[in-house]
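> no sequence for this one, just the structure:
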């Protein structure tokens, strides 16, 4: 079988990976020289802890298995089973963590509620003020800025794989056939469009009523911390954002402890991961209203720095990078991804939201299975 994958981000690359792994001939087309969207501008977290139960958790857990397997084949991914800690500071926050432990799927996530001393034993860098911490053993991480490069280097070892950068697919011209802006026609048995947050142009023509929206976020990265941060770290505002924590305890937290005004205004939570060079990737905000701002704002960065310094018990290293990114999210946020046939032999796969890095391997596996690859 011949497969054309349109899009060089993590979702597209994982579709290419599935097809090559199953012995098919693959051409992957990317409109930039390299992918530059949300697949690079994220935490690199394989984030199981906050996922909704059912299909979403199942997809995340399966993806976690696949990431670990691929990471063993591609060490440059920087896969590490680092787990995560969410420090809590009071009874309202701890009650949400305790409710998470009571979930029937808590064991599958690897949840434990640790005392502050136990949390510091797991992550000695967290010397600040908190009373306990929710630990999730199943969370993991990769290096987002280099993951696609590492995956593609491995794919390129196969004679069945071809990468074509700097080409924008303009038209589906027939069954399994697309034309790019160089005028070249690519014929295959199946075309999978994994265009990320690029929802205009050809995507709009093929799926004018696409139930997907774009979301913008701000993040930052610091100089090296100077010591290991063994786990990913979240704050209790992440309880408000991730569906796994919904319930009466969260309702009480919402009622009794409003978010800080800056955090509420920018729909914020803290997520933090240490990169291979020792720096910290820290975020994030969520903006849903269009048109998006073209600039980044300082108030969210200042808020995040304050929260991080409270957990670390020390000043944050110098911030050396700030950026914004945009990802695509299904308008029905309970859906893991939007998968739609948009022509004979052509499918569109988009809208995983903030789950893209986490779930991409399992999303691609499901596409391959459904299409009979």
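On my side now, so go ahead. For clarity, every value in this text was computed on a predicted model and none was experimentally measured.
> residue 368 - how many residues pack around it?
As a burial measure, residue 368 scores 21 neighbours (other CB atoms under 10 Å). Quick note: C-beta positions are derived from backbone N, CA and C, even for glycine.
> the chain should start at 191 in everything you say after this.
Yes, from this point I'll number from 191; that puts the last item at residue 558.
> helix or strand: which one has the nearest residue to it once chain neighbours are set aside?
Spatial nearest neighbour of residue 558, excluding adjacent residues (CB to CB, 6 or more residues apart in numbering): residue 208 at 4.2 Å. Secondary structure assigned from DSSP states H and E places residue 208 in helix 200-211.
> can you list the strands that the helix or strand just after that helix pairs with?
Where DSSP H and E defines the elements, the next helix or strand beyond helix 200-211 is strand 215-220. Next to strand 215-220 in the sheet, as set by DSSP bridges, lie strand 192-196 (parallel), strand 351-355 (parallel).
> which of those sits most buried?
Highest mean neighbour count of the strands paired with strand 215-220: strand 192-196, a mean of 26 (counted as mean count of other CB atoms under 10 Å).
> just put the strands paired with strand 215-220 in JSON lines and tack on mean pLDDT.
What follows is the strands paired with strand 215-220, written out as JSON lines (pLDDT from 0 to 100):
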{"stretch": "strand 192-196", "mean pLDDT": "98"}
{"stretch": "strand 351-355", "mean pLDDT": "98"}
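> about what we covered before: the residue nearest to residue 558: how many residues sit nearby?
For residue 208, the count of nearby residues is 25 (other CB under 10 Å).
> relative to residue 535, how far out is it?
Here residue 208 is placed at a distance of 17 Å from residue 535 (CB to CB, to the nearest Å).
> tell me how far stretch 408-421 is from the chain's mean position?
Computed by CA atoms, centre = their mean, to the nearest Å, the chain-centroid distance of stretch 408-421 equals 18 Å.
> rewinding a little: which other helices and strands does the helix holding residue 208 contact?
Packed against helix 200-211 by the contact rule (3 or more CB pairs under 8 Å, 6 or more residues apart in numbering; DSSP states H and E) you find strand 192-196, strand 215-220, helix 334-345, strand 536-540, helix 546-560.
> what's the closest of the ones you listed to residue 323?
Smallest distance to residue 323 across those (CB to CB): 21.0 Å, for helix 546-560.
> packing partners of that closest one?
The contact analysis (3+ CB pairs under 8 Å, 6+ apart) places helix 546-560 against helix 200-211, strand 235-236, helix 245-263, strand 528-533, strand 536-540.
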